[in-house]
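next come a sequence and a model predicted from it.
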Amino acid sequence: MAPTAPAVPLPSASVILVDPARGGEEPFGLFLLKRRQKSSFMPNRFVFPGGRVEGHDGGDPWSGQALKTCALRELWEEAGVVLALGRGAHPPQAELERARRALLDGGISLARVLAGLGLAPDAGALLPYARWITPTARPQRFDTVFYVALMPAGQEASSDQTETSQGLWLGPRRALAENVQGQVELAPPQVIILGHLASLSGIEQLLAHCQAPDLSPVMPVLWAQGRGPEAPRVILLPGDPDYPAGAPADPDHPGEPCPAVSASRLVHQGGVWIPHRPW
């Protein structure tokens, strides 16, 4: 039987929502959402708010305008945070929540929902950060642009309790530590992204990075030995010595744990993706 062709990655967008007041002892905190157990993609994993581009987001789903509209819409739908421009006072939270539910029901564009509140999408609030493409071994694949946005004053982030079941603010170092402990099980891209964010001195350095980000797609390779949740799995990142081969040279000894910022691979251990580097 001929091998099945890899699924075509769909355009998607995600928002790294940042708040310098929510990091505890760290320079800033980040809002993470836990995907539901029945989710078809990354079930039970903590991720940044985001999702695939929908028809109402723009005529060309790969355009910068459609990707940013998608990011703004998903941030509002999943996390309840609105990045918008408008005249006069911001609508009360209860009114924003009603509009959020209308958006979740579908069939209406972000611009139209915001216009009903006297607002317009604030695409300028999104700063490009990185781009990742799901490994070819996955049945669902996404080509995702990650944006950074500052948490707007006077709003509260919360899980939609539909696609996600929990939302929390954590500093990047604490999120990584809790991932290793199995308390906050991060999706693979989040592990690497949080590793970089944990190495930054503060918001200023993060915003400087976003002025000239490298948006070359990160294309990890997923290697798995057998099927099932307990099967050994390794994600190899570009730059890893085994990346060209698409498999660890020694599957029984896939490397040593290391800080996420210096990882070139992720090893699945006890249900958690742990940052590693070769021996």
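Great, that's in hand. Numbers count the residues shown, from 1 in each chain.

hey, where'd the helices end up in the stretch 151-279 of the chain?
Per DSSP state H, counting those that start in this stretch, the stretch 151-279 of the chain carries helices over the ranges 172-180, 188-198, 203-211.

relative to T134, which of these is closest?
Set against T134 and scored by Cβ to Cβ, the helices of the stretch 151-279 of the chain come closest in helix 188-198, at 8.9 Å. The way it works is simple: take the backbone N, C-alpha and C, and place the C-beta from them, glycine included.

which other residues reach the closest one?
16, 26, 30, 32, 45-48, 129-130, 132, 144, 146, 171-173, 175-176, 179, 186, 206, 218, 220, 235, 237, 259-263, 266, 273, 275 (Cβ atoms under 8 Å, 6 or more residues apart in numbering).

now do that helix against helix 172-180, angle only.
Going by axes from the mean of the first three to the mean of the last three Cα atoms, to 10 degrees, helix 188-198 is angled at 140 degrees with respect to helix 172-180.

buried residues in helix 188-198, which are they?
By neighbour count on 16 or more other Cβ atoms under 10 Å, the buried set for helix 188-198 is P188, P189, Q190, V191, I192, I193, L194, G195, L197, A198.

so what are the domain limits for the chain?
Following automatic domain parsing, one finds the domains of the chain at 10-217, 220-279.

endpoints of the last one, how far apart?
Its first and final residues considered, domain 220-279 spans 19 Å by Cα to Cα, to the nearest Å.

off-centre distance for that domain?
Distance, stretch centre to chain centre, for domain 220-279: 20 Å (Cα atoms, centre = their mean, to the nearest Å).

pLDDT of that domain, averaged?
Domain 220-279 carries an average pLDDT of 92.

ok, the longest one next?
With pLDDT averaged residue by residue, domain 10-217 scores 94.
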